[in-house]
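A.B. asks: this one's sequence-less:
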Ligand SMILES: O=c1ccn([C@H]2C[C@H](O)[C@@H](COP(=O)(O)OP(=O)(O)OP(=O)(O)O)O2)c(=O)[nH]1
(Lines give C-alpha, C1' and ligand atoms only; values in the text may rest on other atoms or scores of the structure.)
Protein backbone atom coordinates (compact mmCIF):
# COMPACT_ATOMS: atom_id res chain seq x y z
CA UNK A 1 0.00 0.00 0.00
CA UNK A 2 1.28 3.46 -0.90
CA UNK A 3 1.11 6.29 1.57
CA UNK A 4 -1.16 9.27 1.10
CA UNK A 5 0.51 12.67 1.19
CA UNK A 6 -1.50 15.37 2.90
CA UNK A 7 -0.81 18.88 1.67
CA UNK A 8 -1.82 21.55 4.15
CA UNK A 9 -2.69 24.95 2.74
CA UNK A 10 -2.31 27.78 5.22
CA UNK A 11 -5.67 28.89 6.61
CA UNK A 12 -7.54 25.90 5.22
CA UNK A 13 -8.74 22.69 6.79
CA UNK A 14 -7.72 19.50 5.01
CA UNK A 15 -10.19 18.82 2.19
CA UNK A 16 -11.47 22.39 2.10
CA UNK A 17 -10.98 24.13 -1.23
CA UNK A 18 -10.21 27.74 -2.04
CA UNK A 19 -13.26 29.45 -3.51
CA UNK A 20 -12.68 33.17 -4.06
CA UNK A 21 -15.71 35.21 -5.05
CA UNK A 22 -15.34 36.93 -8.41
CA UNK A 23 -17.84 39.57 -9.51
CA UNK A 24 -18.82 39.38 -13.17
CA UNK A 25 -20.42 42.21 -15.14
CA UNK A 26 -22.25 41.32 -18.35
CA UNK A 27 -21.39 43.92 -20.99
CA UNK A 28 -23.71 42.27 -23.50
CA UNK A 29 -27.13 40.60 -22.97
CA UNK A 30 -25.93 37.36 -24.58
CA UNK A 31 -22.79 37.11 -22.42
CA UNK A 32 -22.36 34.06 -20.21
CA UNK A 33 -20.54 33.74 -16.91
CA UNK A 34 -17.48 31.45 -16.75
CA UNK A 35 -18.57 27.98 -15.71
CA UNK A 36 -16.82 24.92 -14.32
CA UNK A 37 -18.10 21.85 -16.17
CA UNK A 38 -17.35 19.76 -13.07
CA UNK A 39 -17.36 21.20 -9.55
CA UNK A 40 -16.60 19.94 -6.05
CA UNK A 41 -14.15 17.18 -5.23
CA UNK A 42 -12.08 16.32 -8.33
CA UNK A 43 -13.83 19.13 -10.24
CA UNK A 44 -12.16 21.01 -13.07
CA UNK A 45 -9.10 23.21 -12.70
CA UNK A 46 -10.42 25.92 -15.01
CA UNK A 47 -13.79 27.42 -15.89
CA UNK A 48 -15.02 27.56 -19.49
CA UNK A 49 -15.40 31.01 -21.02
CA UNK A 50 -17.74 31.76 -23.89
CA UNK A 51 -17.43 33.77 -27.09
CA UNK A 52 -20.20 36.40 -27.14
CA UNK A 53 -19.91 36.84 -30.91
CA UNK A 54 -19.25 34.33 -33.66
CA UNK A 55 -15.84 34.52 -35.30
CA UNK A 56 -14.29 32.88 -38.32
CA UNK A 57 -10.58 32.46 -37.64
CA UNK A 58 -8.79 32.20 -40.96
CA UNK A 59 -5.77 29.91 -41.31
CA UNK A 60 -2.78 31.69 -39.79
CA UNK A 61 -4.87 34.53 -38.34
CA UNK A 62 -4.71 35.89 -34.79
CA UNK A 63 -7.87 37.55 -33.46
CA UNK A 64 -9.21 38.83 -30.12
CA UNK A 65 -12.50 37.07 -29.35
CA UNK A 66 -14.92 39.11 -27.19
CA UNK A 67 -16.50 37.39 -24.18
CA UNK A 68 -18.91 40.19 -23.24
CA UNK A 69 -17.85 40.02 -19.58
CA UNK A 70 -15.73 42.13 -17.24
CA UNK A 71 -14.61 40.91 -13.84
CA UNK A 72 -13.73 42.17 -10.39
CA UNK A 73 -11.37 39.78 -8.66
CA UNK A 74 -10.48 39.95 -5.02
CA UNK A 75 -7.17 41.90 -4.90
CA UNK A 76 -5.41 38.63 -4.03
CA UNK A 77 -6.40 36.83 -7.24
CA UNK A 78 -6.19 37.10 -11.01
CA UNK A 79 -6.50 34.59 -13.84
CA UNK A 80 -4.65 32.89 -16.65
CA UNK A 81 -6.34 31.99 -19.93
CA UNK A 82 -5.76 28.39 -20.98
CA UNK A 83 -6.57 26.53 -24.17
CA UNK A 84 -9.51 24.19 -24.57
CA UNK A 85 -8.16 20.89 -25.80
CA UNK A 86 -11.16 20.51 -28.13
CA UNK A 87 -10.06 23.63 -30.03
CA UNK A 88 -6.34 22.89 -29.67
CA UNK A 89 -6.71 19.62 -31.58
CA UNK A 90 -8.15 21.71 -34.41
CA UNK A 91 -5.09 23.99 -34.29
CA UNK A 92 -6.61 26.88 -32.34
CA UNK A 93 -4.45 28.02 -29.45
CA UNK A 94 -4.60 31.01 -27.12
CA UNK A 95 -1.98 33.73 -26.78
CA UNK A 96 -1.25 36.26 -24.00
CA UNK A 97 -3.75 35.39 -21.25
CA UNK A 98 -2.58 37.19 -18.11
CA UNK A 99 -5.67 38.75 -16.50
CA UNK A 100 -4.61 41.17 -13.78
CA UNK A 101 -6.60 41.61 -10.54
CA UNK A 102 -7.22 45.30 -11.30
CA UNK A 103 -8.38 44.83 -14.90
CA UNK A 104 -11.98 45.97 -15.32
CA UNK A 105 -12.23 45.90 -19.11
CA UNK A 106 -13.77 43.21 -21.26
CA UNK A 107 -12.07 39.83 -21.09
CA UNK A 108 -10.85 39.04 -24.58
CA UNK A 109 -9.48 35.71 -25.66
CA UNK A 110 -6.67 36.09 -28.15
CA UNK A 111 -6.53 33.05 -30.38
CA UNK A 112 -4.43 32.03 -33.32
CA UNK A 113 -5.30 29.40 -35.89
CA UNK A 114 -2.28 27.24 -36.64
CA UNK A 115 -4.21 24.96 -38.99
CA UNK A 116 -4.56 25.33 -42.75
CA UNK A 117 -8.36 25.74 -42.65
CA UNK A 118 -10.67 28.45 -41.33
CA UNK A 119 -12.12 27.55 -37.91
CA UNK A 120 -15.59 28.87 -37.08
CA UNK A 121 -16.51 29.59 -33.49
CA UNK A 122 -20.19 30.38 -33.04
CA UNK A 123 -21.62 32.93 -30.62
CA UNK A 124 -22.20 31.22 -27.26
CA UNK A 125 -19.55 28.54 -27.81
CA UNK A 126 -16.73 27.93 -25.39
CA UNK A 127 -13.54 29.59 -26.57
CA UNK A 128 -11.05 28.99 -23.71
CA UNK A 129 -10.87 28.30 -20.00
CA UNK A 130 -9.94 30.54 -17.11
CA UNK A 131 -7.60 29.33 -14.39
CA UNK A 132 -7.92 31.47 -11.28
CA UNK A 133 -4.57 32.06 -9.60
CA UNK A 134 -3.38 33.66 -6.41
CA UNK A 135 -1.25 36.77 -6.85
CA UNK A 136 2.29 36.82 -5.51
CA UNK A 137 4.25 40.06 -5.59
CA UNK A 138 7.90 39.02 -5.69
CA UNK A 139 10.85 41.23 -4.88
CA UNK A 140 13.56 41.31 -7.53
CA UNK A 141 16.99 41.86 -6.03
CA UNK A 142 20.08 42.45 -8.13
CA UNK A 143 23.06 40.28 -7.13
CA UNK A 144 26.63 39.79 -8.41
CA UNK A 145 26.38 35.99 -8.64
CA UNK A 146 23.87 33.16 -8.36
CA UNK A 147 24.04 30.01 -6.20
CA UNK A 148 25.08 26.84 -8.03
CA UNK A 149 22.45 24.26 -9.00
CA UNK A 150 22.50 20.89 -10.80
CA UNK A 151 20.90 22.33 -13.93
CA UNK A 152 23.08 25.38 -14.08
CA UNK A 153 22.69 27.22 -17.37
CA UNK A 154 21.62 24.10 -19.32
CA UNK A 155 18.21 24.28 -20.95
CA UNK A 156 16.48 24.37 -24.31
CA UNK A 157 16.55 20.59 -24.85
CA UNK A 158 19.81 19.93 -22.97
CA UNK A 159 18.35 16.70 -21.50
CA UNK A 160 17.38 15.34 -24.92
CA UNK A 161 14.45 15.71 -27.25
O1 LIG B 1 -5.41 37.45 -23.29
C2 LIG B 1 -5.63 38.51 -22.67
C3 LIG B 1 -4.59 39.25 -22.08
C4 LIG B 1 -4.92 40.41 -21.40
N5 LIG B 1 -6.21 40.81 -21.30
C6 LIG B 1 -6.54 42.00 -20.50
C7 LIG B 1 -6.39 41.69 -19.02
C8 LIG B 1 -5.07 42.25 -18.65
O9 LIG B 1 -5.03 42.61 -17.29
C10 LIG B 1 -4.96 43.44 -19.59
C11 LIG B 1 -3.56 43.83 -19.92
O12 LIG B 1 -2.88 42.71 -20.41
P13 LIG B 1 -1.30 42.69 -20.49
O14 LIG B 1 -0.70 43.17 -19.23
O15 LIG B 1 -0.90 41.36 -21.00
O16 LIG B 1 -1.09 43.77 -21.65
P17 LIG B 1 0.14 44.63 -22.07
O18 LIG B 1 0.34 44.40 -23.50
O19 LIG B 1 1.30 44.40 -21.15
O20 LIG B 1 -0.47 46.06 -21.89
P21 LIG B 1 -0.59 47.01 -20.64
O22 LIG B 1 0.46 48.06 -20.91
O23 LIG B 1 -1.98 47.56 -20.74
O24 LIG B 1 -0.35 46.23 -19.39
O25 LIG B 1 -5.62 43.03 -20.80
C26 LIG B 1 -7.24 40.08 -21.87
O27 LIG B 1 -8.42 40.42 -21.78
N28 LIG B 1 -6.91 38.96 -22.54
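C.D. replies: Done, it's in. The structure displayed is predicted, hence computed values, not measured ones.

A.B. asks: show me where pLDDT drops low in the protein?
C.D. replies: Under the criterion pLDDT under 70, the flagged ranges of the chain are 1-17.

A.B. asks: would you map the helices across it?
C.D. replies: Counting by DSSP state H, the chain has helices at residues 85-88.

A.B. asks: residue contacts, the residue nearest to the spatial centre of the chain?
C.D. replies: Nearest residue to the geometric centre of the chain (Cα atoms, centre = their mean): residue 81, 2.5 Å. Taking Cβ atoms under 8 Å, 6 or more residues apart in numbering, we find residue 81 in contact with 49, 94, 96, 97, 98, 99, 109, 110, 128, 129, 130, 131. Placement of C-beta: from N, CA and C, glycine included.

A.B. asks: swap in residue 91?
C.D. replies: Residues in contact with residue 91 (Cβ under 8 Å, 6+ apart) are 113, 114, 115, 119.

A.B. asks: about what we covered before: could you tell me which of the contacts of residue 81 count as buried?
C.D. replies: Among those, those classed as buried by 16 or more other Cβ atoms under 10 Å are 49, 94, 99, 109, 128, 129, 130, 131.

A.B. asks: what's the farthest-apart pair in the residues you listed?
C.D. replies: Of all pairs drawn from these, the one with the largest separation by Cβ to Cβ is 109 and 131; the distance is 13.0 Å.

A.B. asks: just to revisit the earlier point, most neighbours among the contacts of residue 91, please name it.
C.D. replies: Each of these was scored by neighbour count (other Cβ atoms under 10 Å); the top score is that of residue 113, with 21 neighbours.

A.B. asks: surely that one and residue 60 touch.
C.D. replies: Yes - A contact is recorded between residue 113 and residue 60 when judged using Cβ atoms under 8 Å, the distance being 6.5 Å.

A.B. asks: close to the ligand: what parts of the chain are there?
C.D. replies: Those residues of the chain that sit near the ligand, judged by Cβ under 6 Å from any ligand atom, are 81, 96, 97, 98, 99, 100, 103, 107, 108, 110.

A.B. asks: cheers, nothing more for now.
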